[in-house]
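A.B. asks: only the shape, not the letters, is given here:
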C-alpha cells in the first residue's frame, strides 16, 4: 500500500472516526483504524462493534493495499504535521511509514484480517433532507436515559412517515418530542426505529460536518441501521425492544398556561439553582397572576429566590422541578422569545414549548418533583 | 431498659433469674451477643461480642437464641407507658427512648420524681427494670442513663452538664467510635473535659465538621434544641449466617430480607437512598464491599433488593463460603422526590402497599409482612 493525501483532508476524516474508535477495549484491534487504498481512493473504517464508521476520501494511490494502525496515535501524528502532503507506505510486519516534509514516522500496526468486517450498506429506504436530523437530535438527545434498566430508553425513537419525521426521547422523568413536516423520498409506509444514544451523537456529528447540508440516506436490515451522508456511512447495531407508549403520557388537559420570556426565565433559573439542593436539584415555582417566583433552598448552602413577570391569569399554584430538566429544554428551545408552560397541578406532568414554533413542532413534557 | 432481651427472657422463664444468661444463639455458631445478663457481664461478656468468645469467658452461661417477637411486644408496651407520660416520645430503638417532659411539671412534679414514677410504672406494668438519665439535653441524658445502669436514676441539673461530662472518657460520647477516638488520642484528648479545654476553631481545623460537633456536645449541648437527630449518612443491615453458606438461594433470601428491613428503616425516617451497597464476608474473613448509585433515589424494598442482587451477581465469588451478608443505603436524600413520567401509577400503588405493610409492622412486628422469597427464621422448638 502506498498513497499520498493532503494533511487537512485526512485529518478531517480521522477526527470523525475518533468518536467510534474504542478507547478502553479488550480487543486491541478495535483501537485501530483500518485504512484501505484502492483505485477509488481511501476507505477509512473504525468500529467498536456497536457502531461503525466508514469514510471514503480521495487520495493519489500508487499501490493498493490495507493496514490497521492505532487510531488515536495516528490522529495525533497527522494533527501535528504541517499543512502539506502526507505519504503513506506499508512496510513489513504491519508497520506503516508516514512521511511529511522532513518528518518521518514508523507506526506499528496490526494485520488487516483481525479487523471486524462491517456489514454492506443496503439500498436506502428513505432520504431525509439535510439539516433536519441535527435539530431534532439536538432537541431530544439530552432526554435519552444514560443509565436505565429499561434499555430501550437508552435510545431515541425515530418515526419516518411519507410526509413527516418525528423523534422522541425519554428517560422516564421527562420526554422530548419533535415533529417536522417534509416529504420523505422513497418511503411508502411508516418506519419506526430506535437509535442508540451513541449513534445519535455520531449522526449529529456527521450531519454537521456534511457539505452543503447533504441529505441523509437511511436504511436498515435485521441487525443494523445505516446512515449515509455524502461519502461517509455510519452503521449502528439496532436497538430492539418495546419503546414505552409515549403518547399515553403526553398531557391533554393542562389548562393553566403561563407565558414566560425565555431569556429571563433561563437567567433566573440559573441564578436560583446556585443554591438548590445539590443532589435533588429541586427548585420551586410559585405562580400568581402576572408573575412567577422561583425558589431554592438547601440545608447546607442557604436559599435563593427571584421573581419574573409572566403572562398568567389562572389560580395561584406551585410546583417543583429539577432545574436541570428545565435548563436542558431552554438551551435548545429555538428562536422563539416566549416559552409556554402548560400545567395541570403540582403532581402532573407539565408541558413546555416555544410560543411560536419554527419549522419543528417541539414539545417537552416534564414530571414535577414533590418538594 | 436494662439488659432488655435477657430481662424479657427471665420474665418468661423465672428460673433464669440471677444466672448468667446470654441472648444471641448457639455459642458454637458465629453469631454475636445481642444481650447479656449482669451476671454474665461480670465475666466480661459484652453486647456485640462473638458468641464463641462469650462462651470462653463465661462457659457456664445459658445461651438463648432469642424471641424477637416477644421483645417487640414488650417494646410496644413500654412505648404505651411512655406515651401516657408525655406526648413527645422518641423511641430510638426497641429498648431506648427520649421523653420530653418540658411543661409536664404540674402533672408529674419535679423531674426526679417524674423519673422515679416512670421507672416504677415500667416495673409495675411489665416487670422490667429500666434506668433513667434526666437532663436538659439528649446527649447528657443518654450518657447519664448509661451511667445510672442498672436500675438507677441519674439527674444532671441545668448548669452542671459540663462538669458531669468532663471526667468521662471521650468514647462515652455517642457518635465517637474507634476512628474518632484514635484521632483524638493523637491530640492527647482522652476525656470529654480535654475536649472542653480545646478551642472550637482548633478542633474544627483538625477534625473537620466532627470537631465543631464534638466541641458543642462536650458541653452537653445538642446540635438542635429539640428533635435532635444527627443526619444519618447511611443505613445498613447485616446478618451473620449460623453456618457458612454457598447456596445461592439462601443468600438471595437473606438479601431480600435485609433489603426489606433497610427499606422499612428508610421509610420510617422519611429517607431515600441514592446508593445501595453490598457487603460480603467470606469464611476466610475476606470482606468485599461494592456499591452502586441508582439512576434515582429509592425507598422501595424491591428496588433496593434488585440493586443488591445485581451487586451480588457482580461480586460474589462462588468458590467461597459466605459468612456475613449486609446491605447498605447511603447518599441519603430527604426532601424532594422526582415523580416518574412512565411509572407514576405503578409507583403510587407500590407506595400504598408498602405504607400498609409498614403499618402492620408497626402493630405486629417486622415479621408480620414480608416479600415472598425472603428467608423466614424457623421457630425455635417449644
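C.D. replies: Perfect, thanks for sending it. It should be emphasised that the depicted structure is a prediction, and the values quoted were computed from it without experimental measurement.
A.B. asks: isn't residue A:316 right next to residue A:290, touching?
C.D. replies: No. Counting by C-beta atoms under 8 Å, residue A:316 sits too far from residue A:290 to count as a contact (11.2 Å). To be clear about C-beta, it is placed using only N, CA and C from the backbone, and glycine gets the same treatment.
A.B. asks: wait, what's in contact with the residue nearest the centre of chain A?
C.D. replies: Closest residue to the average C-alpha location of chain A: residue A:201 at 3.0 Å, with C-alpha atoms, centre = their mean. Residues in contact with residue A:201 (C-beta atoms under 8 Å, 6 or more residues apart in numbering or on different chains) are A:19, A:141.
A.B. asks: let's see it at 10 Å
C.D. replies: Taking C-beta atoms under 10 Å, 6 or more residues apart in numbering or on different chains, we find residue A:201 in contact with A:19-20, A:51, A:137, A:141, A:144.
A.B. asks: just the element for residue A:119, please.
C.D. replies: Following DSSP states H and E, one finds residue A:119 outside all helices and strands.
A.B. asks: check what pLDDT it gets.
C.D. replies: Looking at residue A:119, its pLDDT reads 93.
A.B. asks: please apply the same query to residue A:165.
C.D. replies: Value for residue A:165, per-residue pLDDT: 93.
A.B. asks: also residue A:75?
C.D. replies: pLDDT, read off for residue A:75, is 96.
A.B. asks: just checking, it touches residue A:17?
C.D. replies: Yes. Between residue A:75 and residue A:17 there is a contact under C-beta atoms under 10 Å: 8.1 Å.
A.B. asks: on that earlier part again, list the buried residues for the helix or strand hosting the residue nearest to the centre of chain A?
C.D. replies: Assessed by DSSP H and E, residue A:201 sits inside helix A:197-209. Neighbour counts using 16 or more other C-beta atoms under 10 Å in any protein chain shown place A:197-207 of helix A:197-209 among the buried residues.
A.B. asks: all strands of chain B, in order?
C.D. replies: Using DSSP state E, the strands of chain B run over B:21-23, B:35-36, B:62-64, B:89-93, B:96-99, B:132-134, B:153-155, B:234-245, B:272-282, B:287-298, B:322-333, B:337-338.
A.B. asks: chain A contacts on chain B?
C.D. replies: Applying C-beta under 10 Å from any C-beta of the partner chain, we find that chain B lies next to chain A at B:231, B:272, B:274, B:292-297, B:303, B:306-307, B:310, B:331-344, B:348.
A.B. asks: again, only using 8 Å
C.D. replies: Applying C-beta under 8 Å from any C-beta of the partner chain, we find that chain B lies next to chain A at B:274, B:295-296, B:306, B:331, B:333, B:335-344.
A.B. asks: of those residues, just the buried ones, ChimeraX syntax please.
C.D. replies: The buried residues among those can be selected in ChimeraX (16+ other C-beta under 10 Å) with this line:
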select /B:274,295,296,306,331,333,335,336,337,338,339,340,341,342,344
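A.B. asks: which of the residues of chain B next to chain A sits closest to residue B:250?
C.D. replies: Residue B:250 lies nearest to residue B:306 out of those, by C-beta to C-beta, at 18.5 Å.
A.B. asks: residues in contact with residue B:283?
C.D. replies: Residues near residue B:283 by C-beta under 8 Å, 6+ apart: B:244, B:320-323.
A.B. asks: mind doing that once more with 10 Å?
C.D. replies: Contacts for residue B:283 (C-beta under 10 Å, 6+ apart) come out as B:30, B:241, B:243-246, B:320-324.
A.B. asks: now swap in residue A:272 and tell me
C.D. replies: Residue A:272 makes contact with A:283-285, A:293-297, A:303-306, A:323 under the criterion C-beta under 10 Å, 6+ apart.
A.B. asks: and the chain, what are its domains?
C.D. replies: As the question left the chain open, I've gone with chain A. When chain A is parsed with automatic domain parsing, its domains come out as A:2-114, A:126-246, A:251-366.
A.B. asks: my bad, chain B
C.D. replies: Split into domains by automatic domain parsing, chain B comes to B:4-66, B:162-227, B:233-375.
A.B. asks: mean pLDDT for those domains: which is lowest?
C.D. replies: By mean pLDDT, the lowest-scoring of the domains of chain B turns out to be domain B:162-227, with a mean of 82.
A.B. asks: ok, back up a step: inside strands: which ones of the contacts of residue A:272?
C.D. replies: Mapping the contacts of residue A:272 onto strands (DSSP E) picks out A:283-285, A:293-297, A:303-306.
A.B. asks: need the buried ones from those selected in PyMOL.
C.D. replies: Burial among those is assessed by 16+ other C-beta under 10 Å; the matching PyMOL selection reads:
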select buried, chain A and resi 283+284+285+293+294+295+296+297+304+305+306
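A.B. asks: before we move on, back to that, may I see the contacts of residue A:272 organised as TSV, with pLDDT and distance to chain B added?
C.D. replies: Output for the contacts of residue A:272, formatted as TSV (pLDDT from 0 to 100; distance: C-beta to the nearest C-beta, whole Å):
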residue	pLDDT	distance to chain B
A:283	95	9
A:284	96	9
A:285	97	13
A:293	97	18
A:294	97	14
A:295	96	12
A:296	94	11
A:297	90	9
A:303	92	13
A:304	96	16
A:305	96	16
A:306	97	19
A:323	97	11
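A.B. asks: cool, thanks, signing off.
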